[in-house]
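Undergrad: Okay, predicted coordinates and the sequence, questions at the end:
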Amino acid sequence: MGAGRESIGRTILVVEDQPYLWAVLRARVERATAYVRSVTPDELPDGWRGCRPWPWLVVGATKTVPDPLPALLDGRPIAVHWLGEPPPALGRRAVAHADWSTLVAELGRLNDLTTRGVGGVRLMRNRGVRAPDGRLVLGAAELEGLLAAPGGLPLPHDGQGERTLIAMRRVIATHSLPVRLQRDGEVVRLA
C-alpha cells in the first residue's frame with residue numbers, strides 16, 4: 001500500500017481471493033466517493049494499516065473471515081458488506097448479498113452521498129463532510145462511516161463503541177450539523 005492520495009482518502013477495502021469484485025467496484029464507485037483497494041485475507045493487516053484512519057467500508061468475498069478482522073472492526077463505525085452468507089465471526093455486523101450484482105448496485109449508490117446525504121450533510125471529495133450551508137468539516141471519519149450505513153451500525157456499549165459515539169457527538173455539536181444520533185439497542189444511525 002502506497003503513501004499517496006489513496007492512503008489518506010476514504011477507502012473501501014475488498015477482502016477477496018481474486019480481484020474480480022475489486023475491479024467491478026472500482027469501475028462503479030467514483031474516486032470522489034472512495035478509493036477501492038483489494039487485499040487477500042493474508043494481506044488484510046497490511047492493507048488495513050494503509051487506510052487512514054481505517055477503511056471506510058469493508059467488503060468480503062471469501063468463505064472465511066481473516067482472523068484479525070473482527071478485532072479490527074470492533075467498535076469502529078465501519079459498514080461491512082459480504083458476498084454470500086457472512087461468516088458467523090462477524091455476527092450481525094455484515095450485510096449479506098446473494099450475488100455480486102446486488103452488492104455492486106448497493107455500493108454504487110454511495111456515490112449519492114456526495115450530492116445528498118442525511119439532513120443535508122454530505123460527503124466531501126475523498127475526506128470530510130460538507131454542512132448544508134457549505135461549511136467543510138474535516139476530522140469526521142466516524143460520521144463518514146455512519147453516513148455509509150443508512151440502516152445503522154452496531155456499536156456496543158463498551159470502551160471503543162462509547163469513544164466512537166463521543167467522537168460523533170462532538171463533530172455534530174462542534175459544527176452545528178443538522179443531524180442527530182439515534183440508538184436502538186446497539187445499533188446507531190443518523191437521523
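TA: Right, received. Where do you want to start?
Undergrad: Let me see the domain layout of this protein.
TA: Domain segmentation of the chain under automatic domain parsing yields 5-109, 114-190.
Undergrad: among these, which is the most enclosed?
TA: Most buried of these by mean neighbour count (mean count of other Cβ atoms under 10 Å) is domain 5-109; its value is a mean of 18. Every residue, glycine included, has its C-beta placed from N, CA and C.
Undergrad: Using TSV, lay out the domains of the chain together with mean pLDDT.
TA: Compiled in TSV, those are given as follows (pLDDT from 0 to 100):
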stretch	mean pLDDT
domain 5-109	92
domain 114-190	94
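Undergrad: pretty sure residue 141 contacts residue 54?
TA: Yes: shown here, residue 141 and residue 54 form a contact pair, counting by Cβ atoms under 8 Å, at 7.3 Å.
Undergrad: longest helix of this protein?
TA: The longest helix of the chain (DSSP state H) is helix 159-174.
Undergrad: Which elements pack onto it?
TA: helix 141-147, strand 181-184 (3 or more Cβ pairs under 8 Å, 6 or more residues apart in numbering; DSSP states H and E).
Undergrad: show me what contacts residue 175?
TA: When contacts are counted by Cβ atoms under 8 Å, 6 or more residues apart in numbering, residue 175 touches 131, 135, 137.
Undergrad: Look up how far residue 129 lies from it.
TA: 8 Å (Cβ to Cβ, to the nearest Å).
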